[in-house]
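1. A structural model of the following input is requested.
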Amino acid sequence: MLEQVRLDGKKVLIGVSGSIAAYKTCDLVRLFVKAGADVRVVMTEAAKRFVSPLTFEALSGRPVLHEASESWADDNNHIGLGEWADLFIVAPASANTINKMSAGIADNLLLQTALAFPGTILLAPAANTRMIEHPITVANMKRLTLHRIDTVEPQTKMLACNTVGKGAMAEPETIFATSLKHLFEDDYWKQRRVVVTGGGTMEKIDEVRYLSNFSSGKMAEALVTALYAYGADVCYVTTKTPRSIPPVHVIGVESAREMLEYVQDALRAAKKGLLIKPSFHSESDQPRLVQKTPWLFMAAAVSDYRPAYPQSGKLKKEALGETWRLDLVKNPDILKSLDRSGVRTLAFKAEMDETAALDAAWKLMEEKKVDAVALNILKNSGSFGSDTNAVTLVTEEESVEIPRAQKTEIAFSLLEALKNIP
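-> Numbering: from 1, shown residues only. Below you'll find the model as predicted:
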């Protein structure tokens with residue numbers, strides 16, 4: 001649900017170095033501007049050979065910093081932009097720029113701005129495979145990651161030089177998604193392991209038919225997006241192919257029993273904590289273990305029953321006759337079956353009877369021993385798949401109404417409310 005993320009009030013500086021991939025940076029600027037961010041651009045002289053400053057000025061609505069436009073009468077200079085920005089993204093980051101940055105060389109405005117910038121720098125490398133995989137470049141990339149620098153890994157594909165290999169700049173959507181964890185970082189959720197389930201489970205009848213429900217998985221994707229933005233380590237167990245989410249660990253499943261198996265494995269891993277690599281400012285050169293209480297967000301719509309005798313091949317209607325009786329057996333209750341000791345849980349509850357919905361949420365919380373319930377009132381099957389939602393967060397102490405909004409906004413609201421649960 002990346003398209004729903006709002007960046008109003010966020011200030012993003014984008015550095016463009018000399019690479020053919022500079023044309024893709026136009027789309028990156030557009031994504032940030034569409035999300036409401038204030039975007040400014042600094043370019044090297046080499047970058048101007050591929051895209052003109054006028055293009056970025058038109059897209060951002062802001063003057064671009066380059067050799068001919070540098071000004072000390074305002075903040076359009078390497079010191080002013082560094083003080084202005086919340087996040088500095090270098091996309092594309094050429095091999096030349098990466099290697100100079102590692103050595104602290106500042107012989108152009110982009111590198112001067114990077115050296116003066118006090119916050120996080122996000123690099124999106126783009127270069128020929130041999131250049132990006134040269135031992136010097138590899139070593140310098142490792143050195144940069146020890147400082148306040150994160151990297152969006154380049155892609156392996158056909159490059160501009162007509163060779164196939166690693167070196168193509170990551171897609172603008174991936175760079176945009178990765179930036180969220182630097183723009184929204186939250187102390188409570190940062191480095192906390194979270195397991196999210198999503199989609200409607202599919203129970204096989206034969207090789208071409210299954211029982212399922214109308215769940216779109218959009219609310220789960222909104223949760224994954226918000227959790228990633230807040231800095232959580234997310235494992236997403238889903239029956240749906242993700243459409244627009246940040247780069248998290250995704251496990252694809254189909255049936256309720258398969259979901260139970262993989263969620264249990266994911267929770268076992270989550271309970272072990274998170275190993276964090278040492279940074280430049282770390283007192284030790286050894287990874288440190290962060291152990292925060294993990295969360296489970298049970299947003300999947302799990303089928304209550306499954307066919308008792310799933311068939312191989314395809315059942316023929318001629319063999320089934322005019323009527324077809326399908327024997328069903330009850331699926332395991334995932335929440336009751338999981339070992340959730342040491343795990344906090346948010347369950348989702350969909351109801352159509354508004355008068356009894358709140359009681360049903362309280363009952364679920366008591367019977368399944370969850371910390372909170374996100375209650376959703378449905379009108380009919382048309383309620384599924386929309387981009388908006390309205391939920392009531394039910395806890396032991398209170399019920400909080402979260403009014404109708406975009407699902408990603410609902411997700412952020414839920415995460416804020418859950419921080420206050422004792």
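
2. how much space between residue 110 and residue 78?
-> Distance of residue 110 to residue 78, given as Cβ to Cβ, to the nearest Å: 8 Å. Yep, even glycine has a C-beta here, placed from its N, CA and C like the rest.

3. please identify every residue contacting each of these two.
-> Here residue 110 and residue 78 have residue 42 as joint contacts, going by Cβ atoms under 8 Å, 6 or more residues apart in numbering.

4. between those two, tell me which one has more neighbours.
-> Using other Cβ atoms under 10 Å, the more surrounded residue of residue 110 and residue 78 is residue 110, with 29 against 20.

5. and the gap between the more buried one and residue 228?
-> 28 Å.

6. am I right that residue 318 sits in a helix?
-> Yes - counting by DSSP: H, G, I helix; E, B strand; the rest coil, residue 318 is part of a helix.

7. low-confidence bits of the stretch 251-400 of the chain, can you list those?
-> By pLDDT under 70, the weakly predicted segments of the stretch 251-400 of the chain are 279-285, 380-384.

8. quick one, helices of this protein?
-> Assigned by DSSP state H, the helices in the chain fall at 22-34, 53-60, 78-84, 95-103, 109-116, 129-132, 135-145, 172-183, 218-229, 256-271, 317-320, 334-337, 354-368, 407-418.

9. give the contact list for residue 238.
-> With Cβ under 8 Å, 6+ apart, residue 238 has these contacts: 197, 198, 199, 217, 220, 250, 251, 252, 253, 300.

10. out of these, which is nearest to residue 99?
-> residue 250 (33.7 Å; Cβ to Cβ).

11. look up the closest residue to that closest one, ignoring the ones flanking it.
-> Sequence neighbours aside, residue 236 is the residue nearest to residue 250 in space, at 4.9 Å (criterion: Cβ to Cβ, 6 or more residues apart in numbering).

12. pretty sure that neighbour is touching residue 246, no?
-> No - counting by Cβ atoms under 8 Å, residue 246 is not a contact partner of residue 236; they are 9.8 Å apart.

13. neighbour-wise, which of those two wins?
-> A direct count of neighbours by other Cβ under 10 Å for residue 236 and residue 246 places residue 236 higher, at 29 against 25.

14. what's the burial count for the closest residue to residue 225 other than its chain neighbours?
-> Distance criterion Cβ to Cβ, 6+ apart; nearest residue to residue 225, sequence neighbours excluded, is residue 1 at 5.0 Å. Residue 1 has 24 neighbours, counted by other Cβ under 10 Å.

15. distance of residue 1 from residue 403?
-> 18 Å.

16. repeat for residue 131
-> Taking Cβ to Cβ, one finds residue 131 at 52 Å from residue 403.

17. any idea how far residue 211 is from residue 203?
-> Taking Cβ to Cβ, one finds residue 203 at 4 Å from residue 211.

18. got it, and residue 372?
-> Residue 372 is 29 Å from residue 211, by Cβ to Cβ.

19. do residue 276 as well
-> 43 Å.

20. got it, and residue 139?
-> 54 Å.

21. between the two, tell me which one has more neighbours.
-> Each of residue 139 and residue 211 has its neighbours counted (other Cβ under 10 Å); residue 211 has more, 18 against 12.

22. tell me if I'm right that the more buried one and residue 306 touch.
-> Yes - if you go by Cβ under 8 Å, residue 211 and residue 306 touch, sitting 6.8 Å apart.

23. what is in contact with those two at once?
-> Contacts common to residue 211 and residue 306, judged by Cβ under 8 Å, 6+ apart, are 203, 328.

24. contact partners for residue 346?
-> 295, 296, 297, 298, 370, 371, 372, 373, 374, 414, 418.

25. filter those down to the ones in strands?
-> Per DSSP state E, strands hold the following members of the contacts of residue 346: 295, 296, 297, 298, 372, 373, 374.

26. kindly reformat the residues you listed as CSV containing neighbour count and distance to residue 29.
-> Shown next, in CSV, are those (neighbours: other Cβ atoms under 10 Å; distance: Cβ to Cβ, whole Å):
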residue, neighbour count, distance to residue 29
295, 22, 35
296, 26, 38
297, 28, 33
298, 27, 38
372, 22, 39
373, 26, 41
374, 26, 35
